[in-house]
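# Fold the following for me, if possible:
(one chain, ligands or ions: 1)
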Amino acid sequence: MPLSKLLIASNNNHKVTEFKRLFAHLPIELVTPNDINLNLDVDETGDTFEANAQLKARAFAEASRLPALADDSGIEVDALNGRPGVLSARYGGEGLDDAGRVQLLLREMAAVPDDQRACRYRVVLVLVDHAKPAGTEDSTEGRCEGVVAHATSGTNGFGYDPIFYVPAFGKTIADVTSDQKDSISHRGIAARAMAEILATRTA
Ligand code: IMP
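Reported below is the predicted structural model:
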């Protein structure tokens, strides 16, 4: 059966906005959990981006009986041995919002010299479609290399974007347009690879 409707399995409005932009050219109706009155919060108990994306995609596909696409993403900082990584959304505990997590990361990195501030965004996307045989889930990955800035700059994007400095732009991701972000971002790279898979399933 051709794939004509896809659930974006995320309650993060920023991510949903990015996916809608990145899949806008596909002949697929994109729906959110909110659109179908699905209230589901999946415990991210996996140790890897892939494991957590699988958990979310499987749970949302099961609950909605729609093909579901989930992502799990985060920022890895070399000077912190890859932290916060899979815990990026919960870095510093439940009490912090995006701005609080950014300030915490700036404090942890305060004494780290410029040549040791490398970081990257990573994402894994998993598509679960019950119309396909079990065990044939599709997944794609994306990475985006950057440097942790010394202070915030910009108001676009979300999460760690105000301190994610991209040398090629000479700016943080929060200082570039959404098209510029999509052209180099982890989610942009993974979504373009997933769009090619989705395109083969719409015929
Ligand atoms: P999760 O994928 O829901 O576990 O959340 C990943 C977390 O990583 C987000 O809440 C953000 O803090 C961070 N993150 C992932 N992708 C981005 C991005 O594109 N910009 C800024 N922060 C991001």
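# so the closest residue to the ligand within the chain is in which element?
Using Cβ to the nearest ligand atom, the closest approach of the chain to the ligand is made by Gly159 at 2.3 Å. All C-beta spots, glycine's among them, are computed from the backbone N, C-alpha and C. Counting by DSSP states H and E, no helix or strand carries Gly159.
# The closest residue to it other than its chain neighbours: what's it in contact with?
Among residues not flanking Gly159 along the chain, Asp98 sits closest, at 5.4 Å (Cβ to Cβ, 6 or more residues apart in numbering). By Cβ atoms under 8 Å, 6 or more residues apart in numbering, the residues touching Asp98 are 158-160.
# Please apply the same query to Asp138.
Contacts of Asp138 were listed using Cβ under 8 Å, 6+ apart, and they are 126-127, 194, 197.
# The residue of the chain closest to the ligand is in contact with Glu18, isn't it?
No: when contacts are counted by Cβ atoms under 8 Å, Gly159 is not listed as touching Glu18 (11.1 Å).
# So for the residue nearest the centre of the chain, what's the pLDDT?
In the chain, the centroid-proximal residue (Cα atoms, centre = their mean) is Ser73; its distance is 4.3 Å. At Ser73, the model reports a pLDDT of 97.
# follow-up on the earlier one: any chance of the contacts of Asp138 in CSV, with secondary structure and neighbour count too?
Below are the contacts of Asp138 laid out as CSV (DSSP: H, G, I helix; E, B strand; the rest coil; neighbours: other Cβ atoms under 10 Å):
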residue, secondary structure, neighbour count
Val126, strand, 26
Leu127, strand, 24
Met194, helix, 25
Ile197, helix, 14
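# Out of those residues, which is nearest to Thr152?
Using Cβ to Cβ, Met194 is the member of these that lies nearest Thr152, at 30.6 Å.
# Now do the contacts for that closest one.
Met194 makes contacts with 69, 125, 127, 138, 140, as judged by Cβ under 8 Å, 6+ apart.
# mind listing the strands for the chain?
Applying DSSP state E to the chain gives strands spanning 5-8, 29-31, 68-77, 118-128, 138-148, 164-166, 171-172.
# Just name the most buried of those.
The highest average neighbour count among the strands of the chain, using mean count of other Cβ atoms under 10 Å, belongs to strand 68-77 at a mean of 25.
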